[in-house]
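**Student:** here are the coordinates; sequence isn't available:
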């Protein structure tokens, strides 16, 4: 699928400008003509890579919720998608249209949803397979939509918490750059000829400014190259994501690990509540996990579940599984309410991940401010020491 910006003339004589998604410009033109719009301009949208369309967690939650509501009202799935196609954003409308066309061609919903890409889309596909296996498609989609919405809210909350420390760190680097590029170069002529009379601290500050002016362009070029590689090369993104995930999941209390397993437990609970047997429910719930090492560890437990091994024993064999989740599952197995126990465990892990990040940021933010303020004050003091030394030399 490719993105195109178009301008079309409507039957009422007004011009319509929007974005459309199609395999090529001719397909988009034919679709506009079918909608009684006369295309005037169709051109490729900039910075758009051809391929499958991605769904965010919020969009996947809305799509699942809307489909569940329309199906519950008695509307056929193809009719529901046709309705959503006209009421959603251009990208969501393109996804709904492609899914509807695949349904008309005879594919099941789980296969038709493969037109969309991304982790939330894979979860929707897993939900559709669970609904097809249990015969409760609308209930599974509704429960999965709630799980996706909760995960999206938690992720947005964590991102919001990280914005202020990131801004403070950016200001810190900006302050250092201003000193290195604007303040210190303007003072260096005043210190020329001082030689050994210049205080050692001031010489250190001037040397620091030279080092920063040399290294900052190099670091900026490296950062820009990495950003371009991550933006254009999917293997680079996967490698970087796996490396970051491996680093962040280390330790006894890793917020990322709690977040990932909270989502896994929530998805598994949705499948079990829909009546999907444990072994296929496990496979469907683990499919959206994108961390390579964890995905392999979870997939290695498929056969053990098929053999009838208890879920708590399977989770115990996953080295990074939080012990608290294992405890919840054990209690659920004892009481015969595994789905409810998984929901409780998911809520506990999600709350703990958010609390841990809030605690770290509550310490990190003032610490960065203190360090930046101290560094700027120290540099200023050392510069003034050099200026005093120059004044003393002139007075003598």
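**Tutor:** Looks like it came in fine. Keep in mind the model is a prediction, meaning the values are calculated, not measured.

**Student:** Go ahead and flag the most central residue of the chain.
**Tutor:** Of all residues in the chain, the one closest to the mean position by CA atoms, centre = their mean is residue 155, 7.6 Å from it.

**Student:** what residues are up against the closest residue to that one other than its chain neighbours?
**Tutor:** Leaving aside its chain neighbours, residue 155 sits nearest to residue 57 (6.8 Å; criterion: CB to CB, 6 or more residues apart in numbering). Placement of C-beta: from N, CA and C, glycine included. Listed by CB atoms under 8 Å, 6 or more residues apart in numbering, the contact partners of residue 57 are 119-120, 148-149, 151-152, 155.

**Student:** what separates residue 57 from residue 104, distance-wise?
**Tutor:** With distances taken as CB to CB, to the nearest Å, residue 57 is found 28 Å from residue 104.

**Student:** ok, and the residue nearest to the centre of the chain, which helix or strand is that part of?
**Tutor:** Here residue 155 sits within helix 137-178, counting by DSSP states H and E.

**Student:** now for that helix, which elements pack on it?
**Tutor:** Applying 3 or more CB pairs under 8 Å, 6 or more residues apart in numbering; DSSP states H and E, we find helix 137-178 packed against helix 57-72, helix 119-134, helix 200-232, helix 255-273, helix 338-395.

**Student:** The same query, at a cut-off of 10 Å, please.
**Tutor:** helix 57-72, helix 109-112, helix 119-134, helix 200-232, helix 255-273, helix 338-395 (3 or more CB pairs under 10 Å, 6 or more residues apart in numbering; DSSP states H and E).

**Student:** Rounded mean pLDDT for it, please.
**Tutor:** If you average the pLDDT over helix 137-178, you get 80.

**Student:** Tell me where the stretch 201-350 of the chain is predicted with low confidence.
**Tutor:** Confidence mapping of the stretch 201-350 of the chain against pLDDT under 70 gives the ranges 201-202, 241-242, 244-248, 250-252.

**Student:** right, and the residue nearest to the centre of the chain touches residue 260 too?
**Tutor:** No: when contacts are counted by CB atoms under 10 Å, residue 155 is not listed as touching residue 260 (11.4 Å).

**Student:** Overlap of the contact sets of those two?
**Tutor:** The contact sets of residue 155 and residue 260 do not overlap (CB atoms under 10 Å, 6 or more residues apart in numbering).

**Student:** Give me the spatial nearest neighbour of residue 184, chain neighbours excluded.
**Tutor:** Leaving aside its chain neighbours, residue 184 sits nearest to residue 209 (3.7 Å; criterion: CB to CB, 6+ apart).

**Student:** my bad, residue 274
**Tutor:** That would be residue 140: by CB to CB, 6+ apart, it lies 4.3 Å from residue 274.

**Student:** neighbours around that neighbour, how many?
**Tutor:** Residue 140 has 28 neighbours, counted by other CB atoms under 10 Å.

**Student:** Please apply the same query to residue 174.
**Tutor:** Neighbours around residue 174, by other CB under 10 Å: 11.

**Student:** Next: residue 325.
**Tutor:** Counted by other CB under 10 Å, the residues lying close to residue 325 total 24.

**Student:** ok, now which ones touch it?
**Tutor:** 258, 261-262, 264-265, 312, 315, 318, 341-342, 344-346, 348-349.

**Student:** Likewise for residue 368?
**Tutor:** Contact analysis of residue 368 by CB under 10 Å, 6+ apart lists 164-166, 168-169, 171-172.

**Student:** Now with 6 Å, please.
**Tutor:** Residue 368 is in contact with 168-169, counting by CB atoms under 6 Å, 6 or more residues apart in numbering.

**Student:** Where does the record place the domain boundaries for this structure?
**Tutor:** Residue ranges for the domains of the chain, per automatic domain parsing: 2-44, 54-151.

**Student:** following the helix or strand containing residue 285, which helix or strand shows up next?
**Tutor:** Using DSSP H and E, residue 285 maps to helix 278-286. Using DSSP H and E, the helix or strand that follows helix 278-286 in sequence is helix 292-299.
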